[in-house]
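Got a predicted structure plus its sequence, pasted below:
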Amino acid sequence: MTSIASPAPFFGRRVVAAAFVLAVFGWGLGFYGPPVYLQSVREARDWSVVLVSSAVTLHFLVGAVVVANLPTLYRRFGLPSVTKTGAVLLAFGVLGWALAREPWQLLIATFLSGAGWVAMGAAAVNAIVAPWYALRRPAALSMAYNGASIGGVVFSPLWVAAIASWGFPIAAAVVGAVMVATVWFLADRVFAHTPQSLGQMQDGGILTPSAGTTVPVERGLPGGSLWRDRRFLTLAAAMALGLFAQIGLIAHLFSLLVPVFGGPVAGILMGLATAAAIAGRTLVGWLMPQGSDRRLVACASHLVQIAGSVALLFAAGTDVVLLVAGVLLFGAGIGNTTSLPPLIAQVEFSKADAQRVVPLIVAIGQGAYAFAPAVFGGLRTLSPAEGMPVFVAAALVQAAAIALFLLGRRT
């Protein structure tokens with residue numbers, strides 16, 4: 001008898017798992033790492049807060065410029081090569097933070113780390129996962145983006161412990177080497193493949209668009225008309241405002257919780273916020289109906305975060321129940337602020353335009369939130385109750401994000 005070979009397992013699942021690991025390292029070193037680097041450099045060099053904080057801002061601004069050009073880099077050099085180069089730049093950049101003896105050396109290090117980490121960030125994860133999934137993309141991206149949250153859970157305490165045990169230079173060298181080796185392996189063994197190269201289809205070839213499924217528009221936008229498109233402008237501005245409010249509050253939340261709970265418990269609460277982010281992103285990814293208005297889903301996520309800000313405000317720094325509820329509610333929307341805008345772009349733009357839109361909105365968002373910690377820090381000085389202006393500002397900015405999401409809806 002002639003045996004019929006069973007089809008190969010869908011490779012997209014392996015891609016999602018690899019993208020998850022990439023996000024763990026990308027955010028662990030490139031996003032959650034800089035606040036720890038800042039403190040270590042200050043202690044080692046006795047440099048001013050302004051100088052080192054400016055380095056963190058520059059780190060994110062450089063990344064915003066590079067991420068806007070990721071599609072061009074992918075077309076010219078290929079996704080695997082760009083990803084491996086990003087890992088190497090990030091590793092050398094973090095090592096540069098540790099070894100810098102002069103401010104100009106720190107400046108060079110921030111250029112390297114900022115340029116490198118975005119090749120392992122939100123736009124990169126979307127570019128890796130998108131070719132493999134269409135109808136199941138919300139769930140696939142939510143799984144991959146959860147690596148970002150795990151990166152914070154793992155690397156925030158890991159950096160502190162490693163630096164305390166080995167010193168910053170050795171810790172940076174060891175972690176950087178592990179990251180480069182892991183990313184290099186994933187780039188060669190996983191990211192180098194496409195559905196076409198393996199003879200597979202999106203979603204494993206088992207799903208077909210059905211009635212009521214939202215399908216991307218077919219006509220692309222020529223030239224610079226993207227910058228005159230209401231959908232793009234409102235999506236980019238809404239994502240930027242959401243991230244600005246989110247990063248600004250998170251940057252100061254720990255220090256606002258410490259007087260009430262003490263350092264250890266405040267740290268646990270920040271961890272719970274990250275856990276809430278994972279839960280919120282996963283639920284949206286798996287439960288969001290096909291064909292649903294994803295802008296309305298984003299609005300609902302921001303409303304939950306506004307409720308969290310209001311709870312933190314009414315806690316007045318004393319009500320433990322409201323403080324915990326506020327942290328959990330605000331945390332529930334953290335992941336969706338990053339993952340939902342690319343999913344909105346998927347259904348509102350043609351495939352070619354979406355490949356341009358996602359890196360651009362990520363770049364604009366990153367350029368905006370680079371200044372958020374400083375702005376929210378200034379707001380804290382406006383009131384004897386330091387947290388009040390921070391919580392009010394976060395709620396108002398996210399309300400503005402909701403208005404922009406609604407403004408960009410199709411009529």
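Done, it's in.

where along this protein do the strands fall?
Using DSSP state E, no strands are found in the chain.

low pLDDT regions in it?
Under the criterion of pLDDT under 70, the regions of the chain flagged as low confidence span 1-7, 205-224, 411.

Domain parsing of it, as residue ranges.
By the assignment in automatic domain parsing, the chain contains the domains 11-196, 227-411.

could you dump the ones you listed to JSON lines with mean neighbour count and distance to Gln202?
In short, each C-beta sits where N, CA and C put it, glycine included. Written out in JSON lines, the entries for the domains of the chain read as follows (neighbours: other CB atoms under 10 Å; distance: least, CB to CB, whole Å):
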{"stretch": "domain 11-196", "mean neighbour count": "20", "distance to Gln202": "5"}
{"stretch": "domain 227-411", "mean neighbour count": "20", "distance to Gln202": "11"}
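
for the ones you listed, which one sits closest to Asp203?
Ranking these by distance to Asp203, with CB to CB as the measure, places domain 11-196 first at 4.9 Å.

Give me the nearest residue to Phe111, chain neighbours excluded.
Computed as CB to CB, 6 or more residues apart in numbering, the closest residue to Phe111 that is not its neighbour in sequence is Val62, at 5.4 Å.

for that neighbour, what are its contacts?
Residues counted as contacts of Val62 (CB atoms under 8 Å, 6 or more residues apart in numbering) are Thr110, Phe111, Gly114, Ala115.

can you tell me how far the first one sits from Ala23?
Spelled out, it's Thr110. Taking CB to CB, to the nearest Å as the measure, Thr110 and Ala23 are separated by 21 Å.

Now render the domains of the chain as JSON lines, adding distance to Asp203.
Compiled in JSON lines, the domains of the chain are given as follows (distance: least, CB to CB, whole Å):
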{"stretch": "domain 11-196", "distance to Asp203": "5"}
{"stretch": "domain 227-411", "distance to Asp203": "11"}
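
So which of the ones you listed is nearest Gly204?
Go through the domains of the chain one by one with CB to CB and the one that ends up closest to Gly204 is domain 11-196, at 6.4 Å.

And the closest one, end to end?
Using CA to CA, to the nearest Å, one end of domain 11-196 lies 11 Å from the other.

Repeat that for stretch 361-376.
Chord length of stretch 361-376, first to last residue, is 22 Å (CA to CA).

which residues sit against it?
Contact partners of stretch 361-376, identified using CB under 8 Å, 6+ apart, comprise 53, 56-57, 59-61, 63-65, 67-68, 118, 121-123, 232, 235-237, 239-249, 251-252, 341-342, 345, 390, 393-394.

His302 reaches Ala401, doesn't it?
Yes - the pair His302 and Ala401 passes the contact test of CB atoms under 8 Å, sitting 5.6 Å apart.

out of the contacts of Val62, who's nearest Ala19?
The nearest member of these to Ala19, counting by CB to CB, is Ala115 at 20.0 Å.

Quick one: residues contacting the residue lying closest to that closest one once chain neighbours are set aside.
In space, Ala115 comes closest to Val66 once its chain neighbours are excluded; the distance is 4.8 Å by CB to CB, 6+ apart. Listed by CB under 8 Å, 6+ apart, the contact partners of Val66 are Gly114, Ala115, Val118, Ala119.

mind putting the residues you listed in JSON lines, distance to Arg13 included?
Compiled in JSON lines, the contacts of Val66 are given as follows (distance: CB to CB, whole Å):
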{"residue": "Gly114", "distance to Arg13": "32"}
{"residue": "Ala115", "distance to Arg13": "31"}
{"residue": "Val118", "distance to Arg13": "25"}
{"residue": "Ala119", "distance to Arg13": "23"}
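
Mind checking which of those residues land in helices?
Assignment to helices by DSSP state H places the following of the contacts of Val66 there: Gly114, Ala115.

which one of the contacts of Val66 sits closest to Ala8?
Checking the contacts of Val66 against Ala8 by CB to CB gives Ala119 as the nearest, at 28.6 Å.

Thought Leu404 was touching Arg295, still the case?
No - in terms of CB under 8 Å, Arg295 does not count as a neighbour of Leu404; the distance is 9.3 Å.

now the lengthiest helix in the chain, how far from the centre of its chain.
Taking DSSP H as the criterion, the chain has its longest helix at helix 230-261. In terms of CA atoms, centre = their mean, to the nearest Å, the gap separating the centre of helix 230-261 from the centre of its chain is 12 Å.

does Ala316 really touch Ala385, like I thought?
Yes - A contact is recorded between Ala316 and Ala385 when judged using CB under 8 Å, the distance being 7.2 Å.
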